[in-house]
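Chemist: would you be able to build a 3D model of this:
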Amino acid sequence: MFSDIYTYAPIAIYDSGVGGLTIAKAIKAILPQESIHYIGDTKNLPYGDKTSVALCGYIAQVVNFCLSKRYKLLVIACNTATAAADYFMPNYLKTIGHKMGIINVVDPVVRYIDGMNHYNQIGLIATKYTVSYGIYAKRFRTTGITLTSLATPLLVPMVEASFNGKSLDHLLLDDYLNQIVSPNLDALIPACTHYIFLEQALNFFFKKHFSKEIELINPAKLTALAVQQLLSTHHLLNKTKKKLPDCFMATALTPSFQNASDKLFGQKPIAINLSDYTPSIDLASLC
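Modeler: Reported below is the predicted structural model:
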């Protein structure tokens, strides 16, 4: 899977918009010597209301792009794409005859929670697709943890708009959270990387409404640690003096993405056309 890959090759990070930048930030914090190439499919944002076939098409384009660039790892920094890729990705890679190192944002969170013994009831907020697919519910099925999930589709455009100077709608956020909170809640999973930008607002809500500590799971940190472990296990950590520049790419240079890239990394993103990497095979049977 990792043969003939240079250790200084970049890590690809893929999301529908600005949300995955939280993952990129966390990876750079613990692996500053690594180069990251970010792929934001902003042209097709939001992902949460798309069909499985449409999502598989977007994912296939990104996979083909990453294979052409010979990245050493693909991080799917999107819960919706992770859910759509759950069944599709192994079938697609097998069909096209390729292997690729892949990490998603769901499994590191599940492993962390499963490794702790004090969780009984977990809340989850996510896109409509992530909730309806039930990827977290499937992963937690044998753990004995009670999972309460809520689709919160209006939070993604709210976060995107916040990078254009618009204020967060705290009434909307409170309305969503009031539907999922309970006295027995132990932790909340922001199961959309866009929601990680709401950390301060989420913690404020819990402090205001709960007398006990409610843990806000940090998918960005957990995913970054999973990246570090995988690269270390396969001897792919960049320990050379050679470091390629970071690169931030988007299928549409929206003001939100440009502002977020500049604010978080001090870089101007470039436009890419992923339609050039559209597969010629019928994807419907693989989704």
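
Chemist: output the contacting helices and strands for the helix or strand of the chain with the lowest mean pLDDT.
Modeler: Lowest on mean pLDDT, DSSP states H and E among the helices and strands of the chain sits helix 199-209, with a mean of 89. Applying 3 or more C-beta pairs under 8 Å, 6 or more residues apart in numbering; DSSP states H and E, one finds that helix 199-209 contacts helix 170-178, strand 187-190, strand 215-216. In this view, the C-beta of every residue, glycine as well, is placed from N, C-alpha and C.

Chemist: out of those, which is the most enclosed?
Modeler: Highest mean neighbour count among those (mean count of other C-beta atoms under 10 Å): strand 187-190, with a mean of 23.

Chemist: tell me the centre residue of this structure?
Modeler: Centroid-nearest residue in the chain, with C-alpha atoms, centre = their mean: Ala77, separated by 2.2 Å.

Chemist: ok, back up a step: which parts of the least confident helix or strand of the chain are buried?
Modeler: Applying a neighbour-count criterion of 16 or more other C-beta atoms under 10 Å, one finds 202, 205-206 buried in helix 199-209.

Chemist: likewise for stretch 251-262?
Modeler: In stretch 251-262, counting by 16+ other C-beta under 10 Å, buried: 251, 253-254, 256-261.

Chemist: any chance of these in CSV with distance to His194, pLDDT and secondary structure as columns?
Modeler: Shown next, in CSV, are the buried residues of stretch 251-262 (distance: C-beta to C-beta, whole Å; pLDDT from 0 to 100; DSSP: H, G, I helix; E, B strand; the rest coil):
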residue, distance to His194, pLDDT, secondary structure
Thr251, 17, 98, coil
Leu253, 18, 97, coil
Thr254, 13, 97, coil
Ser256, 10, 96, helix
Phe257, 12, 97, helix
Gln258, 16, 97, helix
Asn259, 14, 97, helix
Ala260, 10, 97, helix
Ser261, 15, 97, helix
